[in-house]
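Enquirer: model the following, please.
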Amino acid sequence: MLYYNNYIFFIKLQFPNLLKDLVKTLLKRLYTAYVALLFVTTFFLFAPVFLFAIVFKSKAKYGLLANHWWAKIFFPLAFIPVEREFRFKPDKQQNYVLCANHFSYLDIPSMVWFPLPFKFMGKKSVMNVPLLGYVFQKLHIMVDREEARSRTGSLRRAMEALDQGFSLMIFPEGGIFTKEPPKMVAFKSGAFKAAITKQIPLVPVTIPYNFMILPDDNRYLLHRRPFKIIFHEPIATKGMDASQVSVLKQQTREVIEQELKAQLDNLQQI
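Expert: Numbering: from 1, shown residues only. Alright, predicted model coming up:
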């Protein structure tokens, strides 16, 4: 009887919290389903532009710019407040190599806030996503990091894209590998080699809160909160050579790490 009474007391004590957690989880699942449906719907809205850019390869920039137009529709309709911070004014006559931290699947659509046409260097696994994978494969650059031939071919296509006037977007961690965000894993060298080889400015990019909005925890639940992306001042590469790849890599990492720390410290003080 004493055990039963203690059990009843525990249930009465914990039931409000359990009910509250259940309701919160249900609301998050409904919100996540709404955003997923919104993603698919808006994707189809821009599908004709993407297909036009795929068929007429000389018009590829229109398909890439459509990504930017899509973001202006998707994020507001997803009720995600957006804060973009540019610490330089992008030059329409200049192309860039952009490098960002990568903690969440939300990072890829986040990058479309950059206003100039660019190509992603992304993992080959993206091709497995229905429809989106096809468009991504045709408009961007796929790489299989397990195969040396694929890495070499992807780097060659990246150089060609830069020669054509496109900017290049790379997650230098090579994927979502960290188990302790906002701590980054080691950077790979491809982005930095490309920037130095082509003598193109490299732009560090910090995405501080996405791992809180859509954590990489296999639950695929969205947590609605403000989104922020910071495009830092470009790092000049003119005059650099292949021996300075590690120097450029470290400079980029320090910029992103310092901003991650500053943003998260500010968040804790609010």
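
Enquirer: number of nearby residues for the nearest residue to residue 221 once chain neighbours are set aside?
Expert: Residue nearest to residue 221 in three dimensions, not counting chain neighbours: residue 28, with 4.8 Å by CB to CB, 6 or more residues apart in numbering. To be clear about C-beta, it is placed using only N, CA and C from the backbone, and glycine gets the same treatment. Residue 28 is flanked by 15 other residues according to other CB atoms under 10 Å.

Enquirer: immediately after the helix or strand encompassing residue 136, which helix or strand?
Expert: Element membership of residue 136, judged by DSSP states H and E, is helix 132-139. Per DSSP H and E, helix 132-139 leads on to strand 141-143 as the next helix or strand towards the C-terminus.

Enquirer: could you pull up the residues touching the residue nearest the centre of the chain?
Expert: Centroid check for the chain by CA atoms, centre = their mean gives residue 107 as the closest residue, at 1.9 Å. By CB atoms under 8 Å, 6 or more residues apart in numbering, the contact set of residue 107 is 100-101, 171, 207, 210.

Enquirer: tell me, how many residues neighbour the closest residue to residue 124 other than its chain neighbours?
Expert: Among residues not flanking residue 124 along the chain, residue 144 sits closest, at 4.4 Å (CB to CB, 6+ apart). Close neighbours of residue 144, defined as other CB under 10 Å, add up to 15.

Enquirer: so residue 122 sits in a strand?
Expert: Yes. Assessed with DSSP: H, G, I helix; E, B strand; the rest coil, residue 122 lies in a strand.

Enquirer: that one: how many residues sit nearby?
Expert: Per other CB under 10 Å, the neighbour tally for residue 122 reads 21.

Enquirer: next: residue 229.
Expert: Using other CB under 10 Å: residue 229 sits among 21 other residues.

Enquirer: equivalent analysis for the one 3 residues further on, please.
Expert: By the criterion of other CB under 10 Å, residue 232 has 21 neighbours.

Enquirer: equivalent analysis for the one 10 residues further on, please.
Expert: Applying other CB under 10 Å, we find 10 other residues in the vicinity of residue 242.

Enquirer: heads up, I number from 213, so please use that
Expert: Fine by me, first position is 213 from now on; the one you just mentioned is residue 454.

Enquirer: who touches it in this structure?
Expert: 405, 408-409.

Enquirer: in this model residue 273 seems to touch residue 329, though I could be wrong.
Expert: Yes. Residue 329 is in contact with residue 273 according to CB atoms under 8 Å; the separation is 4.3 Å.

Enquirer: what's the overlap in contacts for those two?
Expert: Residues touching both residue 329 and residue 273 (CB under 8 Å, 6+ apart): residue 378.

Enquirer: so which of those two has more stuff around it?
Expert: residue 329 (23 against 16).

Enquirer: relative to residue 280, how far out is the more buried one?
Expert: As judged by CB to CB, to the nearest Å, residue 329 and residue 280 stand 8 Å apart.

Enquirer: so where's the stretch 363-482 of the chain uncertain?
Expert: The stretch 363-482 of the chain contains residues with pLDDT under 70 at 481-482.

Enquirer: where do the strands sit along it?
Expert: Secondary structure of the stretch 363-482 of the chain (DSSP state E, counting those that start in this stretch): strands at 379-382, 414-418, 439-443.

Enquirer: which residue comes closest to residue 450 once chain neighbours are left out?
Expert: Closest residue to residue 450 apart from its sequence neighbours, by CB to CB, 6+ apart: residue 411 at 5.1 Å.

Enquirer: and residue 268, how far is that from residue 332?
Expert: For residue 268, the distance to residue 332 - CB to CB - is 20 Å.
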